[in-house]
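Trainee: sharing a model prediction with you, sequence too.
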Amino acid sequence: MSGTEQVLYANVIVDISHEKLDKIFQYRVPDVLRMQIHPGTAVTVPFGNGNRRIQGYVVKLTDRTDYPPEKIKEIQGVCAGQTGVEGKLIALAAWMRDYYGSTMIQALKAVLPVKQKVAQKEQKQIRLLLPEKEAREMLQVLEKKNQKARARLLDALLVIAKQNEKGMAVLSWERAKEQYGVTMPVVRAMEEKGIVKLESMRIYREPLDLMISRSDQKQEEVKMQTGRDFFLNEEQQLAVQTILKEWDQKDKSVYLLHGVTGSGKTEVYMELIDFVRKQGKQAIFLIPEIALTYQMVLRFYQRFGSRVSILHSRMSAGERYDQYEKAKNGEIDIMIGPRSALFTPFSNLGIIIIDEEHEESYKSETVPRYHARETAQRRAEMEGAKLILGSATPSVESYYRAEKGEYCLLEMKRRANRQKLPYVWIGDMRNEMREGNRSILSRYLQEQLGMCLERGDQAMLFLNRRGYAGFVACRSCGTVIGCPHCNVSLSLHKKGTAGEKLVCHYCGYTQPNPRLCPSCTSPFIGSFQVGTQQVVSQVQRMFPKARILRMDADTTRGKDGHHKILETFAKGGADILVGTQMIVKGHDFADVTLVGALAADLSLHMSDYRAAERTFQLLTQAAGRAGRGEKTGSVVIQTYEPDHYSIKAAAAQDYQAFYEEEILYRSLMDYPPVGGMLALHGQGEDESYLQMAMEYLKKYLDVLAKKTQARVIGPADESVSKVADIYRKVIYVRHGRKEVLDQIKERTEQYIEINRGFDKITIQYDRD
Ligand SMILES: Nc1ncnc2c1ncn2[C@@H]1O[C@H](COP(=O)(O)OP(=O)(O)OP(=O)(O)O)[C@@H](O)[C@H]1O
Ligand SMILES: [Zn+2]
Ligand SMILES: [Zn+2]
């Protein structure tokens, strides 16, 4: 240690309810308070010219300051007993504000649940305070005095005490009123004498009830089940033990659990959660909304009983608030839910698990545009908790970090029950076309489907509609018209009478829509338009007796439309399930032995650098639905690009092969995760003004880029270029090092702030 102690400063946010004070102030940390002050600590600080004492929260500690040190005031004290979970969440919000770019209020709204008056459903109850013997004596007194109502109430309470195992005597006010004719003055009078106490009790809505509206058969299903009927296999045990062995190692805080589909990751999660619970700590389990099924939640209920709660988007704000309250009051210790469950106010968080960590739904679409993975990592760090990321198809981002040693990698290569991974066949649709088959199903898939139905098994047909942004492809040779500069496909834009043109959403490049294929001159070139409806009717025509269910955005409206379809299928109520990507995620149907992925390559042509990754993930996950029960499954992947690495790797279920190709492409192009990417989204009412402002911005960025060798591209129209009469344009900046982008972002923010010309438009930042 060096002789001179460094001065420590705290960044403090002083008022969380005023938009005007959306600013962070620096204070000096006095030596005597050093040990007590952490991110999240509530402190009192002098504020303003009068040095008024106000309360604030520490959001960060630092040894650097941009102000003259002699001008910085000191923290006066720590607010005792207030350093709870709220402070930590506020500190997390402050980090989100800085990192993702939003106001403090926006960040706080994402992090702290809004109080909901409607949720405060209260019930009154009457509790007996006297011990039994005294109560009996009192009863005699009351009877003697002929105070009938009081006697009736006391008598009822004594009966209840007798029936209750612990001798507790509590009667709801409703019942006292209706059944025993007790009035409020009677209760008040008895309360004054110290005989009873009138209490308010919060009534929480039960999360499992909220999950589905029907409650048949549920009661018996939810019976606690202490053990399971199998042991963890070797791979599962190894994963659990590795994490537990390193539990106290601070440098090992994030794990990536890469386990093939059906490898039993959920059991690993539950084992870890069990460990955390036994330590008196709590767990947050994030899963994508779509995989948040009744079956999944049931597994947790069976293991952990009512210590579990859930959050999901179909709950009302009040219902969600109830669940947060339960967490804060220590009534539960496991929260299951999508992205927003990350902010559950547990006071002693031990673990955060993110299942299907590659899912896009973990990224918020509204400001602050946070990613649950990064934010979870931050929260885990702040609270000394572990973070587990699980997937059969990890995001390239996470795998890259694991490779660099930032995350610890754990692998499970076999299916839990020793079932074989399914056999995969790639159907080349160019061939089908050449040989005169114009139907949606290849001949091989038709044959397989027929056999599957004959066996009495079930099949899933998955229509990949991801990124159906109207790219243009040749049906004869498979060529897709791409941008010559960005290595992504061009999107078709219909611009009134001006005719059609193809546009790049990264750099703004345009060209006319060709009538003949540029590589084989076939006239069969155009954009794709196939819907699930069409698939259903074609398949029905081929197999008139098959019972077909359709699952897509149209058929899953309503409170539990999604759940109903899955349940019908699970119970054998249909032979074929046809659907969009929503049928792919995490479902476990034992009788499904055939999965067909139609138009597998549609998602390859999203105008997005992640197109190949999404395609690989969707196909691998879809294939993973086949043959999960006793019977081995088979999969047919139909494509116009059978040679594309993401399709070949998905067919071979070879993550490694995919990753190696993909990371090469990313590093050649400086795309994340090798490089960083910063998007500047501009919005304005006047299109030409917006264009001009964005061009100014681009010029400024070009100057910065010269010094740092960043790549600046755009401005280009966003893929949705106009929403509610507001035009939207975007500029991307890419660089191999993220710190450089941080600096560029900071400089640009300053530039925009001092430059009046930007007042009429809004600029938002987004990362990667
Ligand atoms: N050790 C085990 N022995 C036998 N069966 C197991 C074992 N572990 C898990 N299973 C069963 O294997 C099936 C798959 O497990 P689980 O759903 O946890 O897999 P997963 O890795 O989450 O799969 P996916 O990523 O495809 O959703 C489940 O039916 C589960 O009950
Ligand atoms: Zn062609
Ligand atoms: Zn381009």
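Mentor: Looks like it came in fine. Ligands and ions are numbered 1, 2, ... in the order given.

Trainee: and the residue of the stretch 251-400 of the chain closest to ligand 2?
Mentor: Of all residues in the stretch 251-400 of the chain, the one sitting closest to ligand 2 is Val396 (29.8 Å; CB to the ion). For the C-beta atoms, the positions are set from N, CA and C on the backbone; glycine is no exception.

Trainee: go ahead and confirm that residue touches Val674.
Mentor: No: Val396 lies out of contact with Val674 (CB atoms under 8 Å); the separation is 9.3 Å.

Trainee: rewinding a little: measure the residue of the stretch 251-400 of the chain closest to ligand 2 to Leu256 for me?
Mentor: As judged by CB to CB, to the nearest Å, Val396 and Leu256 stand 12 Å apart.

Trainee: where does Gly56 fall, secondary structure wise?
Mentor: Gly56 belongs to strand 52-62 when assigned by DSSP states H and E.

Trainee: buried ones in that strand?
Mentor: 54, 56-60 (16 or more other CB atoms under 10 Å).

Trainee: same check on stretch 654-671?
Mentor: 655, 657-659, 661-663, 665-666, 669-671.

Trainee: ok, now stretch 180-188?
Mentor: 182, 186-187.

Trainee: run a quick neighbour tally on Ser306.
Mentor: Look at Ser306: counted by other CB atoms under 10 Å, it has 14 neighbours.

Trainee: quick check: Tyr765 is in a strand.
Mentor: Yes: per DSSP: H, G, I helix; E, B strand; the rest coil, Tyr765 lies within a strand segment.

Trainee: got a list of what the nearest residue to it once chain neighbours are set aside touches?
Mentor: What sits nearest to Tyr765 in space, not counting adjacent residues and going by CB to CB, 6 or more residues apart in numbering, is Gly101, at 4.0 Å. With contacts defined as CB atoms under 8 Å, 6 or more residues apart in numbering, the neighbours of Gly101 are 367-368, 745, 749, 764-766.

Trainee: circling back: tabulate the buried residues of stretch 654-671 (CSV), appending pLDDT and distance to ligand 2.
Mentor: Shown next, in CSV, are the buried residues of stretch 654-671 (pLDDT from 0 to 100; distance: CB to the ion, whole Å):
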residue, pLDDT, distance to ligand 2
Tyr655, 96, 31
Ala657, 96, 27
Phe658, 97, 26
Tyr659, 97, 30
Glu661, 95, 24
Glu662, 95, 26
Ile663, 94, 30
Tyr665, 89, 23
Arg666, 88, 28
Met669, 79, 25
Asp670, 77, 30
Tyr671, 82, 27
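
Trainee: circling back: just the pLDDT at the residue nearest to Tyr765, thanks.
Mentor: Here, the pLDDT recorded for Gly101 equals 77.

Trainee: so what's the residue nearest to Phe47 when sequence neighbours are not counted up against?
Mentor: Among residues not flanking Phe47 along the chain, Ile54 sits closest, at 4.7 Å (CB to CB, 6+ apart). Residues in contact with Ile54 (CB under 8 Å, 6+ apart) are 14-15, 44-45, 47.

Trainee: for Thr62, see how far away Ile54 is.
Mentor: 21 Å.

Trainee: try Leu387
Mentor: For Leu387, the distance to Thr62 - CB to CB - is 24 Å.

Trainee: all strands of the stretch 201-350 of the chain, in order?
Mentor: Secondary structure of the stretch 201-350 of the chain (DSSP state E, counting those that start in this stretch): strands at 254-259, 282-286, 308-310, 334-337, 349-355.

Trainee: residues of the stretch 351-500 of the chain that sit close to ligand 2?
Mentor: The stretch 351-500 of the chain has residues 474, 476-477, 479 near ligand 2, with proximity defined as CB under 5 Å from the ion.

Trainee: ok, back up a step: Val396 and Val674 - which one has more neighbours?
Mentor: Val396 (25 against 18).

Trainee: tell me the average confidence for the strand holding Gly56?
Mentor: 82.

Trainee: quick one: the longest helix seen in the chain to chain centroid distance?
Mentor: Longest helix in the chain, counting residues (DSSP state H): helix 687-708. With CA atoms, centre = their mean, to the nearest Å as the basis, helix 687-708 stands 34 Å off its chain's centre.

Trainee: show me what it is packed against.
Mentor: Applying 3 or more CB pairs under 8 Å, 6 or more residues apart in numbering; DSSP states H and E, we find helix 687-708 packed against strand 676-684, strand 711-723, strand 726-735, helix 738-754.

Trainee: by mean pLDDT, show me the worst of these.
Mentor: When I compare these, strand 711-723 is least confident, with a mean of 79.

Trainee: mind listing what that strand pairs with, with the direction of each?
Mentor: Strand 711-723 sits in its sheet next to strand 726-735 (antiparallel), going by DSSP bridges.

Trainee: next, the buried residues of the partner strand.
Mentor: 727-735.

Trainee: is ligand 3 within reach of that strand?
Mentor: No: applying CB under 5 Å from the ion, one finds strand 726-735 separated from ligand 3 by no less than 9.9 Å.

Trainee: now do the contacts for Val636.
Mentor: Contacts of Val636 (CB under 8 Å, 6+ apart): 424-427, 442, 444-445, 448, 594-597.

Trainee: bridged to it, which residues?
Mentor: Applying DSSP bridges, one finds that Val636 bridges with Trp425, Gly596.

Trainee: let me know the pLDDT of it.
Mentor: Taking Val636 on its own, its pLDDT is 95.

Trainee: for it, give its distance to Glu662.
Mentor: Distance from Val636 to Glu662, by CB to CB: 24 Å.

Trainee: A strand includes Gln511, no?
Mentor: Yes: Gln511 sits within a strand when classified using three-state DSSP.

Trainee: touching, it and Cys504? I think so.
Mentor: No: taking CB under 8 Å as the definition, Gln511 is not a contact partner of Cys504, at 9.0 Å.

Trainee: what touches both of those two?
Mentor: Joint contacts of Gln511 and Cys504 (CB under 8 Å, 6+ apart) are Leu490.

Trainee: which one's more surrounded, these two?
Mentor: Using other CB under 10 Å, the more surrounded residue of Gln511 and Cys504 is Cys504, with 23 against 13.

Trainee: for the helix or strand hosting Arg430, packing partners?
Mentor: When elements are assigned from DSSP H and E, Arg430 belongs to helix 429-434. With contacts taken as 3+ CB pairs under 8 Å, 6+ apart, helix 429-434 sits against no other helix or strand.

Trainee: what residues of the helix or strand following it count as buried?
Mentor: Going down the chain from helix 429-434, the next helix or strand is helix 443-455, by DSSP H and E. Across helix 443-455, burial judged by 16+ other CB under 10 Å covers 444-446, 448-449, 452-453.

Trainee: residues making contact with helix 443-455?
Mentor: So helix 443-455 is contacted by 425, 427, 432, 437, 439, 441, 458-459, 539, 542-543, 545-546, 575-576, 593-594, 596, 634, 636, 638 (CB under 8 Å, 6+ apart).

Trainee: what's downstream of that helix, the next helix or strand?
Mentor: strand 458-463.

Trainee: would you map the strands across the stretch 401-550 of the chain?
Mentor: 408-412, 423-428, 458-463, 472-474, 491-494, 500-503, 510-512, 525-527, 548-551.

Trainee: many thanks, we can stop here.
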